[in-house]
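[1] Could you look at this predicted model? Sequence included:
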Amino acid sequence: MSQVLTTLIAVAGTLMGSLLGYQFQKRVADRSERRSAVLAFTAATNEFIRSQHDWWHRQQEEEDGPAHITARTEAFRIRGQTFQAVHQLRLLAPTGDLHERAEQTIGMIGALHRATDREELRMRSVEARASLNSFVVQASAQIR
């Protein structure tokens, strides 16, 4: 009887250890995926900012010139990649506040090319980057 009880305890302990190990690994993997989604979003938004600046500068050089049209097309392509990163974020980090902040940031970045002069472009860029930094702070608090 003693051997049976010892065997049952050993089997139960092994199963419990396996289950706890699985749960821990899943939690770590989920956090890693959320972190990757946030990093993908920040990378996409930084590229989006760069493309908006390029669009603005090419527009100032020659408003319907080929460089302006190319820059505008590229900015739209990168905008699409940024929204793809937002969708990934929505799937992996289902927090409404974080999504609102991400979309607010994208809206601010998307308006950069509409600046009327360099100073307005600079101010809008500062605001967009501040919004992105705020997003990162909020996201880091939620994915820990």
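    Thanks, I have it. Numbering: from 1, shown residues only.
[2] Next one: residue 67 from residue 142, what distance?
    Noted for residue 67: a distance of 41 Å to residue 142, by Cβ to Cβ, to the nearest Å. C-beta coordinates here come from the backbone N, C-alpha and C atoms, glycine included.
[3] Packing partners of the helix or strand harbouring residue 88?
    In the assignment (DSSP states H and E), residue 88 maps to helix 66-92. Secondary-structure packing of helix 66-92 (3 or more Cβ pairs under 8 Å, 6 or more residues apart in numbering; DSSP states H and E): helix 2-61, helix 96-110.
[4] Can you convert these into TSV and add a column each for mean neighbour count and mean pLDDT?
    Shown next, in TSV, are those (neighbours: other Cβ atoms under 10 Å; pLDDT from 0 to 100):
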stretch	mean neighbour count	mean pLDDT
helix 2-61	14	88
helix 96-110	18	92
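[5] Redo the ones you listed as JSON lines? Include distance to residue 132.
    JSON lines is the format used below for the helices and strands packed on helix 66-92 (distance: least, Cβ to Cβ, whole Å):
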{"stretch": "helix 2-61", "distance to residue 132": "6"}
{"stretch": "helix 96-110", "distance to residue 132": "5"}
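[6] closest one to residue 86 among those?
    Distance to residue 86, taken as Cβ to Cβ, is lowest for helix 96-110 among these, at 5.3 Å.
[7] and the angle from that closest one to helix 66-92?
    Calculated by axes from the mean of the first three to the mean of the last three Cα atoms, to 10 degrees, helix 96-110 forms an angle of 180 degrees with helix 66-92.
[8] can you give me the angle helix 96-110 makes with helix 2-61?
    Angle between the axes of helix 96-110 and helix 2-61 is 20 degrees (criterion: the same axes, to 10 degrees).
[9] got the contact list for the helix or strand that comes right after helix 96-110?
    The first helix or strand that comes after helix 96-110 along the chain, using DSSP H and E, is helix 118-142. By Cβ atoms under 8 Å, 6 or more residues apart in numbering, the list of residues contacting helix 118-142 from outside reads 38, 41-42, 45-46, 49, 53, 56, 93, 95, 97-98, 101-102, 104-105, 108-109, 111-112, 115.
[10] Understood, closing this out.
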